[in-house]
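Novice: Got a predicted structure here, sequence first:
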Amino acid sequence: MQVNPSVIKKSTILSAIVVVFLFTCGGSLNPRTWKTQVNRLTSPYMLIQPDKVAHFYQEMEEYIQTDPVKIFEYIEAEIQYTNDIFNHRAVNHLATAEEVLLSQKDDCDGQAVLLCSVLRYKGYDAYTLIGPSHAWVEVETDEETLSINSGRSWFVKFNESSAEWKIQPLLLFIIEEFLLLTVFFYLLIYSYEKGFFTPLQDVLGYFKYVFLLLLGGVVIVIILLTYWVPGLLAVSVAALVIMEVLARARRLS
């Protein structure tokens, strides 16, 4: 398959813009949240608020208050797991412990922030860890170090007083997302230039650009919700090959 330098350039530029938007503004379409999200990304310790969870902690039964795992189970039961797309209209919204309590719903990072805040209020040495696709809590007990609802790799570990960053996993995650989006945009632009959207263009007329934007947005959201980078890359490359074969078959017919 012949690679088109012009399409690669367009795809690379679009991918860079989207990656910067996602990692700085959380992929939110609400400009009023952008500054707050940038501040929370660069200073994640502000998410942990032990002083805001006293009432929530007091509502727990005594046998729950003494067990970090049971506290997490209590939070899971009280805080409805809801994706940021539906809860905050963003791909990745960083909420404080107080905000999670007010909304009574959030995803894994919101639950982890609340759990860490409760454990810090209780006096534990606890941290929230955030990785490419999951967030969890690590807590020191008298017997051992517990990883509650743990994931795999992480790139930031923090509580209200400190934050530790791992640059390598963070850069790897950003590069993976950039490459994935580049392949996706290449596929989209390539398909458009090969005429695969021609029937839709004839029907939609001036709305074709709106259609392309919506189509791209939907696929990007699906990609970022799954984080299945190798599989999605393979599917995108396979789709490019299939479309090239179909385009050549159309020229021969």
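Specialist: Arrived safely, thanks for sending. Numbering: from 1, shown residues only.
Novice: list the buried ones in the longest helix along the chain?
Specialist: Ordering each helix of the chain by length in residues (DSSP state H) puts helix 167-193 first. The neighbour-count check on helix 167-193 (16 or more other C-beta atoms under 10 Å) flags 169-170, 173-174, 176-178, 180-192 as buried. In short, each C-beta sits where N, CA and C put it, glycine included.
Novice: Go ahead and confirm Tyr63 touches Lys70.
Specialist: Yes: contact criterion C-beta atoms under 8 Å: Tyr63 and Lys70 qualify, at 7.1 Å.
Novice: Now the longest helix of the chain: average pLDDT?
Specialist: Confidence for helix 167-193, expressed as mean pLDDT, is 87.
Novice: which intervals of the stretch 101-250 of the chain have sub-threshold pLDDT?
Specialist: The stretch 101-250 of the chain contains residues with pLDDT under 70 at 195-250.
Novice: mind listing the helices in it by residue range?
Specialist: Using DSSP state H, counting those that start in this stretch, the helices of the stretch 101-250 of the chain run over 108-122, 167-193, 198-204, 208-226, 229-252.
Novice: re the thing from before, tell me which other helices or strands the longest helix of the chain touches.
Specialist: Helix 167-193 sits against helix 5-25, helix 208-226, helix 229-252, with contacts defined as 3 or more C-beta pairs under 8 Å, 6 or more residues apart in numbering; DSSP states H and E.
Novice: tell me the SS of the residue positioned nearest the centre of the chain?
Specialist: Residue closest to the mean C-alpha point of the chain, counted by C-alpha atoms, centre = their mean, is Asn92 at 4.5 Å. Three-state call for Asn92 (DSSP: H, G, I helix; E, B strand; the rest coil): coil.
Novice: gap between it and Tyr63?
Specialist: Counting by C-beta to C-beta, to the nearest Å, the separation of Asn92 from Tyr63 is 35 Å.
Novice: Pop the domain breakdown of the chain in here.
Specialist: The record, using automatic domain parsing to delimit domains, assigns the chain the ranges 5-22+169-252, 30-166.
Novice: Return the most buried member of those.
Specialist: Mean neighbours per residue, mean count of other C-beta atoms under 10 Å, is largest over these for domain 30-166, with a mean of 18.
Novice: got the end-to-end distance for that domain?
Specialist: Start to finish, the residues bounding domain 30-166 are 29 Å apart (C-alpha to C-alpha, to the nearest Å).
Novice: from now on call the first residue 97
Specialist: I'll keep to 97 as the first residue from here, and by that count the last item is domain 126-262.
Novice: Just checking the distance from it to the centre of its chain.
Specialist: Relative to the centre of its chain, domain 126-262 is centred 15 Å away, using C-alpha atoms, centre = their mean, to the nearest Å.
Novice: Check stretch 104-113 too.
Specialist: Here stretch 104-113 is found 20 Å from its chain centre; the criterion is C-alpha atoms, centre = their mean.
Novice: next one: stretch 109-122
Specialist: Distance of stretch 109-122 from its chain centroid, counting by C-alpha atoms, centre = their mean, is 12 Å.
Novice: Mind listing residues that contact it?
Specialist: With contact meaning C-beta atoms under 8 Å, 6 or more residues apart in numbering, stretch 109-122 is reached by 123, 129-130, 133-134, 137, 180, 184, 186-190, 270, 273-275, 277-278, 281, 316, 320.
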